[in-house]
Structure formats: C-alpha cells, structure tokens
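Visitor: Could you look at this predicted model? Sequence included:
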Amino acid sequence: MELSLLFITGITSALLTYVVNNKYEQGAVRASAGLSLLVGLFFYFFPDIFTPYLTKNIPIVFIGATFIGMVSSKILPSYLLVGFSGFIFSIIYLNASPFFKGYGGALGTTAAISVLVSLSLAVVSKKKLLRRRKSKH
C-alpha cells in the first residue's frame with residue numbers, strides 16, 4: 001500500500017507539473033516550485049495523516065517528480081510518456097536512493113534519467129513503427 005502511494009505520487013506530480021508548465025504556461029520553475037510548496041506545507045501542517053514513512057517520502061518523491069514535469073512539450077509531447085517517467089522516477093527512487101547519499105542533485109539526476117528512459121522508448125517505438133510501414137510497401 002505504501003509503495004503504491006509513492007508510485008501514484010510520482011506519476012501525479014510529474015503530470016500536474018507538466019500541465020501547469022505547458023498547458024497553463026506558468027513556466028517550469030514556477031510550476032515545480034508552486035506545487036512543491038503546496039505539498040510541503042500540507043505535510044508540515046498535517047504530519048500525522050500518513051505513516052512516518054509516507055510523511056517523509058511523499059514530499060521527496062513529489063518534489064523530485066516535479067523536475068520531470070519541467071520538461072517542454074516539444075521534448076515529451078505525450079501525457080503518457082510524462083506519467084511513465086514519473087513511474088520510472090519512483091522505481092529508481094525506491095531502489096537506488098541509498099546509492100545517492102551525499103550526492104548533490106540526486107533528485108534532478110533521477111528525474112533526468114527517467115525522462116531519458118521515456119524519450120528513448122518513444123524514439124525506439126517510432127523507429128519500429130516506421131520499419132513496419134516500410135516493410136508493408
């Protein structure tokens with residue numbers, strides 16, 4: 001249950017930031033900072049709503065995944081790819097965060113890796129689609 005909430009947090013955070021950044025044209029920094037501030041304040045004023053584990057990790061996952069939503073719609077044009085990047089971010093955060101101890105920029109690095117994974121999947125699937133179309137002709 002706790003892990004699924006962290007996955008949902010990563011996906012939701014990336015998508016919300018992406019929408020505020022691109023659709024509502026608030027800019028990447030304002031979208032990330034504003035949403036992160038809201039979540040941070042929520043957990044500051046209501047620290048006992050969730051378990052201590054979730055109270056500690058939801059804001060971290062949310063803030064890190066907002067870095068994904070800062071991407072331009074020209075780079076990742078699909079909500080599905082942005083949501084998938086949030087999912088990948090959560091997987092990396094949950095499994096590799098001990099390796100990033102003491103490493104500045106760990107959340108941003110993890111977000112960049114997540115976006116690159118989604119971007120590469122989009123490129124590979126596009127190439128496969130083009131090959132199939134050429135082979136049919």
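Guide: Done, it's in.
Visitor: now the helices for this structure?
Guide: With helices called from DSSP state H, the chain shows them at 2-18, 28-45, 52-69, 79-96, 106-136.
Visitor: Now the third one: average pLDDT?
Guide: What it means is helix 52-69. Mean per-residue pLDDT for helix 52-69: 96.
Visitor: what helices or strands is it leaning on?
Guide: helix 2-18, helix 28-45, helix 79-96, helix 106-136 (3 or more CB pairs under 8 Å, 6 or more residues apart in numbering; DSSP states H and E). Any C-beta I mention is one placed from the backbone N, CA and C, and that applies to glycine too.
Visitor: buried residues in the longest one?
Guide: It refers to helix 106-136. For helix 106-136, burial by neighbour count (16 or more other CB atoms under 10 Å) applies to A106, L107, T110, A111, A112, S114, V115, V117, S118, A122.
Visitor: cool, stretch 79-89 as well?
Guide: Across stretch 79-89, burial judged by 16+ other CB under 10 Å covers L81, V82, G83, F84, S85, G86, F87, I88, F89.
Visitor: Surely I60 is in contact with A111?
Guide: No - between I60 and A111 there is no contact under CB atoms under 8 Å: 12.0 Å.
Visitor: quick one on the thing from earlier: TSV for the buried residues of stretch 79-89, including distance to N22?
Guide: TSV is the format used below for these (distance: CB to CB, whole Å):
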residue	distance to N22
L81	13
V82	9
G83	14
F84	16
S85	14
G86	15
F87	19
I88	19
F89	18
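Visitor: Nearest to K134 among the residues you listed?
Guide: Set against K134, the nearest of the buried residues of stretch 79-89 by CB to CB is L81 (24.1 Å).
Visitor: And that closest one, what's its pLDDT?
Guide: 95.
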